[in-house]
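Q: sequence? don't have it. structure:
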């Protein structure tokens with residue numbers, strides 16, 4: 001099976017020369033389109049250093065901080081914690097799925113614009129709870 005970057009030729013068709021991009025000829029629609037390399041890798045496949053993302057700072061005793069503590073208390077009552085990366089990942093994944101449900105409900109006009117904005121804002125604050133701890 002040819003690779004996805006090489007043109008598929010009919011059985012028995014042989015292209016002379018080394019593999020690589022085909023030189024376009026008149027009427028030849030089987031050209032290889034070269035794709036650029038990912039910008040985050042060096043020539044030897046190593047990742048190039050990326051700048052650190054600034055951490056969100058949540059003011060002490062802010063509504064976001066209080067909500068994060070409430071969510072954490074709920075998790076602790078269920079023998080879990082959002083400070084555990086695996087638990088935080090599952091928590092965020094669940095909220096992402098709930099956001100998809102909100103998006104679908106809004107698209108189907110089951111939520112009006114105000115309801116959608118309000119619920120989406122709540123989901124955004126809830127999603128940031130592990131970072132506020």
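A: Received it, and whenever you're ready, just let me know what you need. A quick note: this is a predicted structure, and the numbers were derived from the prediction, not measured.

Q: What helices and strands are in contact with the helix ranked longest in the chain?
A: As assigned by DSSP state H, the longest helix anywhere in the chain is helix 85-107. Where contact means 3 or more C-beta pairs under 8 Å, 6 or more residues apart in numbering; DSSP states H and E, helix 85-107 is packed against helix 113-127, helix 129-132. C-betas here are computed from N, CA, C, even on glycine.

Q: change it to 6 Å
A: Counting contacts by 3 or more C-beta pairs under 6 Å, 6 or more residues apart in numbering; DSSP states H and E, helix 85-107 packs against helix 113-127.

Q: Run the angle between the helix it packs on and helix 85-107 for me.
A: Inter-element angle recorded for helix 113-127 and helix 85-107: 180 degrees (by axes from the mean of the first three to the mean of the last three C-alpha atoms, to 10 degrees).

Q: which outside residues touch helix 113-127?
A: 64, 92, 95, 99, 102, 106 (C-beta atoms under 6 Å, 6 or more residues apart in numbering).

Q: got a pLDDT number for the third one?
A: Residue 95 carries a pLDDT value of 96.

Q: Skip the chain neighbours and tell me the closest residue to it.
A: residue 127 (4.9 Å; C-beta to C-beta, 6 or more residues apart in numbering).

Q: If you tally nearby residues, what's the number for that neighbour?
A: Look at residue 127: counted by other C-beta atoms under 10 Å, it has 16 neighbours.

Q: ok but residue 61 is inside a helix, no?
A: No: judged by DSSP: H, G, I helix; E, B strand; the rest coil, residue 61 forms no part of a helix; its state is coil.

Q: count of residues packed around residue 126?
A: 19.

Q: if I look at it, how far off is residue 108?
A: 23 Å (C-beta to C-beta, to the nearest Å).

Q: So for the residue nearest to residue 95, what's the pLDDT?
A: Model confidence at residue 127 (pLDDT) stands at 94.

Q: From residue 108, how far off is it?
A: On the measure of C-beta to C-beta, residue 127 and residue 108 end up 23 Å apart.

Q: Adding neighbour count, write the contacts of helix 113-127 out as TSV.
A: Below are these laid out as TSV (neighbours: other C-beta atoms under 10 Å):
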residue	neighbour count
64	17
92	17
95	16
99	16
102	17
106	17
